[in-house]
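K.L.:
Below is the structure, and that's it, no one-letter string:
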């Protein structure tokens, strides 16, 4: 915590097991490994060997991109699948010795200029700096924006479910989903399904995106299996088998927000982080990565803090380093929503041709054969964004610590380092 006194105000009454699977890409795992979590990761993650996209009605392979050990070779860190609860527990255990974590502390109001936070209990908490890492339904965001600011429905919702892999291994049609771990996506009109292994291949995670027909329902609601299956009538036999193994499911509304003009309050004592300022739709699997990158940059910058006068300029530096990166990733996630959900027809056929062309290049490369053309050129702008080598290098090769240290070397010492009287938060 760079010598600072940090208190986390958590609205939940307990730190419990929530959620299902998430994807942790190299730009995130490099931070986790750097923070000493390599061994704990190995105990619970699954390393997917590839990304595969399939046609919704036939299961035909549309796209294949090699992952596995090539991720470490190309980007310096692995790509993993993990259960959100395991990820949360690691982060909690890592932080707990260094911070004060207070549960059942829901913030209902704040004064960003002092700054102070009012809890639902009536308690007022004072601080030198507030970081609003309070998610899509952020309370702190409106103080940066200057007015109430609600998320916008995308028109999509997602079912989530976890299936014990022992059941899949007993079925010849489903066994391969476990024996050859991949991130598998089935693409169809207005819908897609993502499946992958978690918890050391003990569980299979499914995310099923579909049109949200119940705009007035709560953000998260329990849904019947029958209604879930009705959304995917006519999808290929493996999907029907997978859905038959789910007795009930939870449905999440997928909400979005437009990029903000700034993440930092004008008085320089409040800044937003993660989904509170740049929520990520799940179509690019970068939500957790962006939040961790934010935190790494912020922590790195504030390790140089020696004066209260430096707080505001360091917050502006954090925003300057992170804004374009996060905003571009938001746009990339939204683009995948369009690509995945194309109706059958000319645009879908064009998408599939592009994906197949990149797949052929990837298969040749995996066999050690020379590509027919420059792979960087042939994959650039491909409908399979993970096949685009230039885009993947930007997304997965990013090093948050390196970016913060570069800013400090080039700007920090001259612009911030000389300010004020030494002190610590």
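P.N.:
Looks like it came in fine. Everything numeric here is computed off the predicted structure, so don't read it as measured data. Numbers count the residues shown, from 1 in each chain.
K.L.:
alpha carbons only for contacts and neighbour counts from here, please
P.N.:
Noted.
K.L.:
List the contacts of stretch 33-41.
P.N.:
With CA atoms under 8 Å, 6 or more residues apart in numbering as the contact definition, stretch 33-41 has outside contacts at 32, 90.
K.L.:
Quick check: mean pLDDT of that stretch?
P.N.:
In this model, stretch 33-41 carries a mean pLDDT of 97.
K.L.:
Counting neighbours, which bits of that stretch end up buried?
P.N.:
Under the neighbour-count criterion of 16 or more other CA atoms under 10 Å, stretch 33-41 has 37, 41 buried.
K.L.:
got it, and stretch 152-169?
P.N.:
Residues of stretch 152-169 classed as buried: 154, 156-163, 165, 168 (neighbour count, 16+ other CA under 10 Å).
K.L.:
and which of these is nearest residue 391?
P.N.:
Of all the buried residues of stretch 152-169, residue 154 has the smallest distance to residue 391: 24.7 Å, by CA to CA.
K.L.:
Was I right to think the closest one contacts residue 257?
P.N.:
No. With contacts counted by CA atoms under 8 Å, residue 154 stays clear of residue 257, the gap being 9.4 Å.
K.L.:
Among the buried residues of stretch 152-169, which lie within helices?
P.N.:
Secondary structure defined by DSSP state H assigns 165, 168 of these to helices.
K.L.:
Closest one of the buried residues of stretch 152-169 to residue 134?
P.N.:
residue 154 (20.3 Å).
K.L.:
Report the separation between the closest one and residue 390.
P.N.:
Going from residue 154 to residue 390 by CA to CA, to the nearest Å gives 28 Å.
K.L.:
Repeat that for residue 68.
P.N.:
Applying CA to CA to residue 68 and residue 390 gives a distance of 18 Å.
K.L.:
higher neighbour count, those two?
P.N.:
Legend: neighbour count by other CA atoms under 10 Å for residue 68 and residue 390, higher for residue 68 (19 against 16).
K.L.:
for that one, what are its contacts?
P.N.:
Applying CA under 8 Å, 6+ apart, the residues contacting residue 68 are 47-50, 78-79.
K.L.:
Between all of the residues you listed, which two are separated the most?
P.N.:
With CA to CA as the measure, no two of the contacts of residue 68 lie farther apart than 50 and 78, at 12.2 Å.
K.L.:
quick one, which of those two is more surrounded?
P.N.:
A count of neighbours by other CA under 10 Å puts residue 78 above the other of residue 50 and residue 78, at 24 against 19.
K.L.:
just checking, the more buried one touches residue 31?
P.N.:
No. Between residue 78 and residue 31 there is no contact under CA under 8 Å: 11.0 Å.
K.L.:
Give me the helix or strand of the protein that scores worst on average pLDDT.
P.N.:
Least confident element among the helices and strands of the chain, by mean pLDDT, DSSP states H and E: helix 375-379 (a mean of 65).
K.L.:
Would you mind identifying the next helix or strand past that helix?
P.N.:
Helices and strands here follow DSSP states H and E; after helix 375-379, the next one along the chain is helix 389-396.
K.L.:
what's the closest non-adjacent residue to residue 140?
P.N.:
Computed as CA to CA, 6 or more residues apart in numbering, the closest residue to residue 140 that is not its neighbour in sequence is residue 132, at 5.6 Å.
K.L.:
roughly how far apart are that neighbour and residue 272?
P.N.:
Going from residue 132 to residue 272 by CA to CA gives 5 Å.
K.L.:
any shared contact partners between those two?
P.N.:
Here residue 132 and residue 272 share the contacting residues 140-141, scored by CA under 8 Å, 6+ apart.
K.L.:
More neighbours: those two, which one.
P.N.:
Neighbour count, other CA under 10 Å: between residue 132 and residue 272, residue 272 has more, with 25 against 21.
K.L.:
who's in contact with that one?
P.N.:
Residue 272 makes contact with 131-133, 140-141, 263-264 under the criterion CA under 8 Å, 6+ apart.
K.L.:
got those as CSV, with secondary structure and pLDDT columns?
P.N.:
Shown next, in CSV, are these (DSSP: H, G, I helix; E, B strand; the rest coil; pLDDT from 0 to 100):
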residue, secondary structure, pLDDT
131, strand, 98
132, strand, 98
133, coil, 97
140, coil, 97
141, helix, 97
263, coil, 98
264, strand, 98
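K.L.:
Just name the closest of the residues you listed to residue 13, please.
P.N.:
Nearest to residue 13 out of these is residue 133 (CA to CA; 17.2 Å).
K.L.:
So for that closest one, what's the nearest residue that isn't a sequence neighbour?
P.N.:
Using CA to CA, 6+ apart, the closest residue to residue 133 is residue 273 (4.9 Å).
K.L.:
Tell me which residues touch the one you found, please.
P.N.:
Neighbouring residues of residue 273 by CA under 8 Å, 6+ apart: 131-134, 263, 291, 294-295.
K.L.:
out of those residues, which is most surrounded?
P.N.:
Within those, neighbour counts (other CA under 10 Å) peak at residue 263, which reaches 25 neighbours.
K.L.:
Residue 145 versus that one, what's the distance?
P.N.:
Distance, residue 263 to residue 145, using CA to CA: 8 Å.
K.L.:
Also residue 255?
P.N.:
Taking CA to CA, one finds residue 255 at 18 Å from residue 145.
K.L.:
Specify which residue of the two has the higher count of neighbours.
P.N.:
residue 255 (19 against 16).
K.L.:
Am I right that the more buried one is in contact with residue 150?
P.N.:
No. With contact defined as CA under 8 Å, residue 255 and residue 150 do not form a contacting pair (9.6 Å).
K.L.:
what are the phi and psi values for residue 242?
P.N.:
The phi/psi pair for residue 242 (degrees, to the nearest 10) reads phi -60, psi -50.
K.L.:
Run a quick neighbour tally on it.
P.N.:
As a burial measure, residue 242 scores 17 neighbours (other CA under 10 Å).
K.L.:
Got the confidence number for it?
P.N.:
Per-residue confidence at residue 242 stands at 98 (pLDDT).
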